[in-house]
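S.K.: sequence isn't available, so here's the structure alone:
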């Protein structure tokens with residue numbers, strides 16, 4: 001399909017989608033907080049101080065969607081700084097949670113903003129203000145109007161750590177005539193695996209523009225440092241809420257609705273065999289924390305929230321339940337990798353009661369054995385690689401999860417060996433942040 005026709009249709013439908021999606025956007029914004037924070041930036045309006053900061057800088061503009069992509073972007077930014085300390089960077093992010101993580105890293109050479117809505121007149125205003133020398137998109141966030149306007153101004157647009165699951169590829173191929181004219185505007189793409197080169201080339205990107213660098217997400221560069229900064233704080237919070245010092249932590253990370261009750265039930269049974277077992281839940285969406293606490297309290301557990309808007313169970317109030325009924329809920333953003341360091345065994349969410357799965361590699365890089373459910377479609381390549389070396393445990397159902405956790409807690413040496421094998425398999429991704437940084441700096 002001709003590119004101009006694609007953009008005509010996109011800009012015809014986008015305002016309708018924005019209007020229809022506004023109620024859901026407002027509801028999510030209210031639940032997650034920070035909706036009004038810098039909202040004008042999304043419309044292309046910036047404060048005098050931000051405009052003054054950007055004046056004449058000619059930065060690299062990097063865009064990341066939410067928390068996971070922000071962490072990935074920060075790894076690449078650190079690598080860029082090592083190669084060129086003076087390079088100024090603008091980091092934009094779509095979500096308020098991503099913004100809260102990114103703003104902590106703001107410095108003399110890094111300015112953080114909210115990503116503008118993908119309307120032509122808004123993009124034009126923001127591009128003129130930032131005046132980037134190049135644009136870097138993280139993973140798969142390709143905004144058509146933004147890409148077109150940058151390309152029209154001969155500003156290179158790069159896609160870094162481009163991730164495409166088999167399911168996403170199938171969806172994209174159905175509308176290839178619509179997306180190929182957009183993807184073909186990208187000047188360069190880096191991908192984690194060789195198979196990704198084939199997938200992206202089928203979507204309209206010339207193979208010569210695609211470089212296999214390994215996954216930045218699986219590069220341990222800066223991993224321990226970033227995680228260690230919060231570890232002591234989390235340990236102190238646990239201690240202040242009655243956490244027994246000899247406890248062995250089962251961590252349920254990035255959980256979705258229904259998985260908390262499942263893992264809490266299994267952990268409760270397992271406590272009969274594993275003295276000192278303690279469950280910490282880190283939900284994928286922090287705003288669900290209070291709902292999770294209500295669900296667990298209805299099951300006669302004693303939930304403790306890290307951030308409690310309305311206290312459901314409190315370590316500062318006398319609880320009528322014994323300590324072994326307590327479950328800790330980390331309803332926070334940006335702390336998950338630090339929790340991995342404190343865990344003995346990790347269960348990855350969105351793989352039992354939902355589909356797609358979440359990133360299983362970060363806890364492996366922390367040296368922890370990982371158990372995932374049957375639904376890891378979004379990470380099928382890496383899970384397949386890890387299963388091939390017995391570096392991860394994938395179970396097919398709830399009973400399999402209970403059996404796997406029982407085995408890992410009864411035989412911790414097996415878990416250690418599994419994590420070591422997984423980390424060794426991921427070693428080929430080491431240095432991918434530096435390779436991506438070099439790709440960015442040398443692309444023109």
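M.R.: The structure has been received and is ready for your questions. Owing to the predicted nature of the structure, the values given are computational and were not obtained by experimental measurement.
S.K.: could you count how many residues lie near residue 410?
M.R.: Residue 410: 12 surrounding residues under other C-beta atoms under 10 Å. Using the backbone N, CA and C atoms, a C-beta is placed for each residue, glycine as well.
S.K.: same question for residue 53.
M.R.: That count, for residue 53 with other C-beta under 10 Å as the rule, works out to 17.
S.K.: give me the nearest residue to it, chain neighbours excluded.
M.R.: Leaving out its chain neighbours, the residue that sits closest to residue 53 by C-beta to C-beta, 6 or more residues apart in numbering is residue 111, at 5.4 Å.
S.K.: beta partners of that neighbour?
M.R.: residue 90 (DSSP bridges).
S.K.: ok, it to residue 356 distance?
M.R.: 33 Å (C-beta to C-beta, to the nearest Å).
S.K.: more neighbours, those two?
M.R.: residue 111 (22 against 16).
S.K.: that one contacts residue 91, correct?
M.R.: Yes. At 7.3 Å, residue 111 and residue 91 qualify as touching, with contact defined as C-beta atoms under 8 Å.
S.K.: ranking helices and strands of this structure by mean pLDDT, which lands last?
M.R.: Sorting the helices and strands of the chain by mean pLDDT, DSSP states H and E puts helix 223-240 at the bottom, at a mean of 78.
S.K.: C-terminal to it, what's the next element?
M.R.: Using DSSP states H and E, the next helix or strand after helix 223-240 towards the C-terminus is strand 248-255.
S.K.: just checking, next helix/strand downstream of that next one?
M.R.: Taking DSSP H and E, what comes next after strand 248-255 is helix 259-270.
S.K.: buried residues in that following helix?
M.R.: The neighbour-count check on helix 259-270 (16 or more other C-beta atoms under 10 Å) flags 259-264, 266-268, 270 as buried.
S.K.: what do you get for stretch 241-257?
M.R.: Buried-residue list, stretch 241-257, by 16+ other C-beta under 10 Å: 241, 243, 247, 249-257.
S.K.: redo those as JSON lines? Include pLDDT and distance to residue 76.
M.R.: Putting the buried residues of stretch 241-257 into JSON lines (pLDDT from 0 to 100; distance: C-beta to C-beta, whole Å) gives the following:
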{"residue": "241", "pLDDT": "93", "distance to residue 76": "36"}
{"residue": "243", "pLDDT": "94", "distance to residue 76": "36"}
{"residue": "247", "pLDDT": "95", "distance to residue 76": "37"}
{"residue": "249", "pLDDT": "98", "distance to residue 76": "31"}
{"residue": "250", "pLDDT": "98", "distance to residue 76": "33"}
{"residue": "251", "pLDDT": "98", "distance to residue 76": "27"}
{"residue": "252", "pLDDT": "98", "distance to residue 76": "29"}
{"residue": "253", "pLDDT": "97", "distance to residue 76": "23"}
{"residue": "254", "pLDDT": "96", "distance to residue 76": "22"}
{"residue": "255", "pLDDT": "98", "distance to residue 76": "28"}
{"residue": "256", "pLDDT": "97", "distance to residue 76": "28"}
{"residue": "257", "pLDDT": "97", "distance to residue 76": "33"}
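S.K.: so which of these is the closest to residue 134?
M.R.: Of all the buried residues of stretch 241-257, residue 134 sits closest to residue 254, with 32.0 Å by C-beta to C-beta.
S.K.: nearest spatial neighbour of the closest one, skipping sequence neighbours?
M.R.: residue 358 (3.8 Å).
S.K.: quick check: the one you found vs residue 68, distance?
M.R.: For residue 358 relative to residue 68 (C-beta to C-beta), the value is 9 Å.
S.K.: what do you get for residue 431?
M.R.: In terms of C-beta to C-beta, residue 431 sits 20 Å off from residue 68.
S.K.: end-to-end on stretch 293-304?
M.R.: 7 Å (C-alpha to C-alpha, to the nearest Å).
S.K.: roughly how far is that stretch from the heart of the chain?
M.R.: Distance of stretch 293-304 from the chain centroid (C-alpha atoms, centre = their mean, to the nearest Å) equals 27 Å.
S.K.: do the same with stretch 409-426
M.R.: Distance of stretch 409-426 from the chain centroid (C-alpha atoms, centre = their mean) equals 24 Å.
S.K.: quick one on the thing from earlier: would you agree the residue nearest to residue 254 falls within a strand?
M.R.: No. Counting by DSSP: H, G, I helix; E, B strand; the rest coil, residue 358 is not part of a strand but coil.
S.K.: pop out the phi and psi values for it.
M.R.: When read as degrees, to the nearest 10, the backbone of residue 358 gives phi -120, psi 170.
S.K.: next up, the contacts around it.
M.R.: 253-254, 284, 348-351, 379 (C-beta atoms under 8 Å, 6 or more residues apart in numbering).
S.K.: that older thread, neighbour count winner among residue 431 and residue 68?
M.R.: residue 68 (21 against 17).
S.K.: what residues does stretch 393-408 touch?
M.R.: In contact with stretch 393-408 (C-beta under 8 Å, 6+ apart) are residues 250, 262-263, 266-267, 269-270, 273, 345, 347, 352, 369-374, 376, 383, 387, 414-415, 418.
S.K.: and if you look at stretch 170-187?
M.R.: Contacts for stretch 170-187 (C-beta under 8 Å, 6+ apart): 1-3, 6, 9, 142, 144, 147-148, 151, 156-159, 164, 200, 202-206, 209, 443.
S.K.: buried subset of those residues?
M.R.: 6, 142, 144, 147-148, 151, 156-159, 164, 200, 203-205, 209, 443.
S.K.: looking at the residues you listed, which are in strands?
M.R.: Of the buried ones among the contacts of stretch 170-187, the ones assigned to strands by DSSP state E are 157-159.
S.K.: nearest residue to the residue nearest the centre of the chain in space, please, no chain neighbours.
M.R.: Per C-alpha atoms, centre = their mean, the C-alpha nearest to the average position across the chain is that of residue 68, at 2.0 Å. In this structure, residue 68 finds its nearest non-sequential neighbour in residue 359, 6.9 Å apart by C-beta to C-beta, 6+ apart.
S.K.: can you give me the helices for the stretch 1-150 of the chain?
M.R.: Secondary structure of the stretch 1-150 of the chain (DSSP state H, counting those that start in this stretch): helices at 3-32, 48-54, 67-83, 96-103, 120-130, 144-152.
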